[in-house]
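In: one predicted model, sequence on top.
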Amino acid sequence: MAEEQNGLALVEEICNNYVVPIICGVGIVGNLLNLMVLGRKTLNDSPYCYLTGLAVSDLITLALTVIFSLVSQKYGIGNYDWRIFDAKVYYPLANVTTTASIWLTVALTIERFIFVKYPITSKRVCTKKTARHIIALVYFAALVINIPLWFCLDAQLVSKNETDVYILAPTEFEKSNLYYGITWISISVTQLIPILILASLNLCLVSSVWAIHKRKQQRFRSSVNQDPRANQDQIRLTITLISIVVLFLICFTPSIFLNKHIAHGLFGEGRTYTDFYYSKPYRLCKLISNMLVTCNLALNFVFYCVFNRRFVRAMTEMFTEWATFTSQCCLSKAISNYCPCCLHYNQQNDHTAIATCDMDTKWIKEPSRSRIANGNHSQIGSSKV
């Protein structure tokens, strides 16, 4: 039994200290790229507003998780300030942003459902202004729903091996029947209801996309032109959302049943709360569940690249602009280093200020003629004409 516990502890340490930070690092880079691409003017439709809000909430959650895994749990053990960070910052705020991510996914799914089923109504309802209002409402509601989490944990001083250290300990409020009831309500609102909505609407979206695909094949056989690019982009956006929802359902569904209060109520009959919480099966299942949730927060960028060509086009344009800007900067620097019109030089202790070069292309093509025209400037540089 002791060897099994030690083996599980080692697995937990490897996952929490190495695997999770790596996944979070990949997710942070991906979500930063999401924000840069989604912020471009070419992606100004209402669905991309929801995706931007989703990227922000995912990014905050991943950043908090990295701090928790790499700093708090590794170097802040026993420290009062880091235990307060865990109790009052990481735990409640990560739940707020995760709740926001869940309901933003629901909001985007509902919008896609309206667009597919009621295209005329969608032009009036599914606007960028409406999306921004819904995003703000989702963030506010997520904050309100998770307010009780700020009062669940606190830093408690204990003696360990004749040394005083601080640990995370549940408060009296967290142990009360009131909080037990709040937990069931919170789980229903933040996870159970969204999962039911997403599962049902996703089936409708899959059915609709399949029907569109069938109609498209029939048009192709009849030699009728395919749908214009705008419709194709909307279909691909819907497919992107379907893939995101499928990943969400796979990764988040286990977490409903692994909340410590819910899990003890469902599976911990005849066992004390502490005994159940530290049991090997629960710890292993909780570890897997946390890994799945982290993967869900980190992998949206992959789906955008695989299924959404409009996103890929915008990203390609962004990288092209960066490359062009970089090459222009390098060219300007090279010209300023070799063009005599851009230099300040010293000749016989006389400092002469030269006007800024206009980057005349003739000078680039015919350097010898330019140097002759500039007289004494031809002596500048080590190259011979």
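Out: Good, I have the coordinates. No experiment lies behind these values; they were computed from the predicted model shown. Numbering: from 1, shown residues only.
In: mean pLDDT per helix and strand in the protein: which one sits at the bottom?
Out: Among the secondary structure pieces of the chain, namely its helices and strands, helix 361-365 has the lowest mean (mean pLDDT, DSSP states H and E), a mean of 41.
In: go ahead and confirm Lys117 touches Leu205.
Out: No: between Lys117 and Leu205 there is no contact under Cβ atoms under 8 Å: 9.2 Å. In this view, the C-beta of every residue, glycine as well, is placed from N, C-alpha and C.
In: starting at the chain centroid, how far to stretch 324-337?
Out: Computed by Cα atoms, centre = their mean, to the nearest Å, the chain-centroid distance of stretch 324-337 equals 34 Å.
In: hmm, I was thinking of stretch 200-211
Out: The gap between where stretch 200-211 is centred and where its chain is centred comes out at 26 Å by Cα atoms, centre = their mean.
In: so what touches that stretch?
Out: When contacts are taken as Cβ atoms under 8 Å, 6 or more residues apart in numbering, the neighbours of stretch 200-211 outside the stretch itself are 109-110, 112-113, 116-117, 235, 238-239, 241-242, 245-246, 249.
In: cool, stretch 158-165 as well?
Out: 77-78, 157, 166-167.
In: and stretch 140-154, by the same measure?
Out: Judged by Cβ under 8 Å, 6+ apart, the contacts made with stretch 140-154 from elsewhere in the structure are 86-88, 91-92, 95-97, 99-100, 103, 168-171, 173-174, 179, 182, 186, 189-190.
In: can you mark which positions in it are buried?
Out: 141-142, 145-146, 148-149, 152-154 (16 or more other Cβ atoms under 10 Å).
In: can I get these in JSON lines with pLDDT, distance to Trp82 and secondary structure?
Out: Conversion of the buried residues of stretch 140-154 to JSON lines gives the following (pLDDT from 0 to 100; distance: Cβ to Cβ, whole Å; DSSP: H, G, I helix; E, B strand; the rest coil):
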{"residue": "Ala141", "pLDDT": "97", "distance to Trp82": "30", "secondary structure": "helix"}
{"residue": "Ala142", "pLDDT": "97", "distance to Trp82": "25", "secondary structure": "helix"}
{"residue": "Ile145", "pLDDT": "95", "distance to Trp82": "26", "secondary structure": "helix"}
{"residue": "Asn146", "pLDDT": "96", "distance to Trp82": "21", "secondary structure": "coil"}
{"residue": "Pro148", "pLDDT": "95", "distance to Trp82": "22", "secondary structure": "helix"}
{"residue": "Leu149", "pLDDT": "95", "distance to Trp82": "18", "secondary structure": "helix"}
{"residue": "Cys152", "pLDDT": "93", "distance to Trp82": "17", "secondary structure": "coil"}
{"residue": "Leu153", "pLDDT": "92", "distance to Trp82": "13", "secondary structure": "strand"}
{"residue": "Asp154", "pLDDT": "92", "distance to Trp82": "13", "secondary structure": "strand"}
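In: of those residues, which is the nearest to Leu59?
Out: Ala142 (15.1 Å; Cβ to Cβ).
In: doesn't Ala298 make contact with Leu247?
Out: No: taking contact to mean Cβ under 8 Å, the distance of 10.4 Å between Leu247 and Ala298 leaves them out of contact.
In: okay, these two: which has more neighbours?
Out: Between Leu247 and Ala298, counted using other Cβ atoms under 10 Å, Ala298 has the larger neighbour count: 25 against 18.
In: what secondary structure does Arg271 sit in?
Out: Three states are possible here, and by DSSP: H, G, I helix; E, B strand; the rest coil the one that applies to Arg271 is coil.
In: typed the wrong thing, it's Ala169
Out: Looking at Ala169 with three-state DSSP, the answer is strand.
In: just checking, it touches Gln156?
Out: Yes: in this structure, Ala169 is within contact of Gln156 by Cβ under 8 Å, at 3.7 Å.
In: please report how far Gln328 lies from Ala334.
Out: Computed as Cβ to Cβ, to the nearest Å, the Gln328 to Ala334 distance reads 11 Å.
In: returning to that earlier point: where's the dip in pLDDT among the contacts of stretch 200-211?
Out: Note: of the contacts of stretch 200-211, the lowest pLDDT belongs to Ile235, at 80.
In: what residues sit buried inside whichever strand or helix holds that one?
Out: Using DSSP states H and E, the element containing Ile235 is helix 229-257. Residues 233-245, 247-248, 251-252, 255-256 are the ones in helix 229-257 that count as buried (16+ other Cβ under 10 Å).
In: out of the contacts of stretch 158-165, which sit inside strands?
Out: With strands identified by DSSP state E, the entries of the contacts of stretch 158-165 that belong to them are 157, 166-167.
In: chain neighbours aside, what residue packs nearest to Leu32?
Out: Beyond its immediate neighbours in the sequence, the residue positioned closest to Leu32 (Cβ to Cβ, 6 or more residues apart in numbering) is Leu59, lying 6.9 Å away.
In: I'd assumed Val66 was in contact with Gly25.
Out: Yes: the pair formed by Gly25 and Val66 meets the contact definition of Cβ under 8 Å, at 7.0 Å.
In: ok, these two, which is more surrounded?
Out: In terms of neighbours (other Cβ under 10 Å), Val66 is the more surrounded of Gly25 and Val66; the figures are 18 against 14.
In: OK, contacts around the more buried one?
Out: Val66 makes contact with 21, 24-25, 28, according to Cβ under 8 Å, 6+ apart.
In: would a markdown table of those with pLDDT and secondary structure be doable?
Out: Rendered in a markdown table, the data for the contacts of Val66 read as follows (pLDDT from 0 to 100; DSSP: H, G, I helix; E, B strand; the rest coil):
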| residue | pLDDT | secondary structure |
| --- | --- | --- |
| Pro21 | 93 | helix |
| Cys24 | 95 | helix |
| Gly25 | 95 | helix |
| Ile28 | 96 | helix |
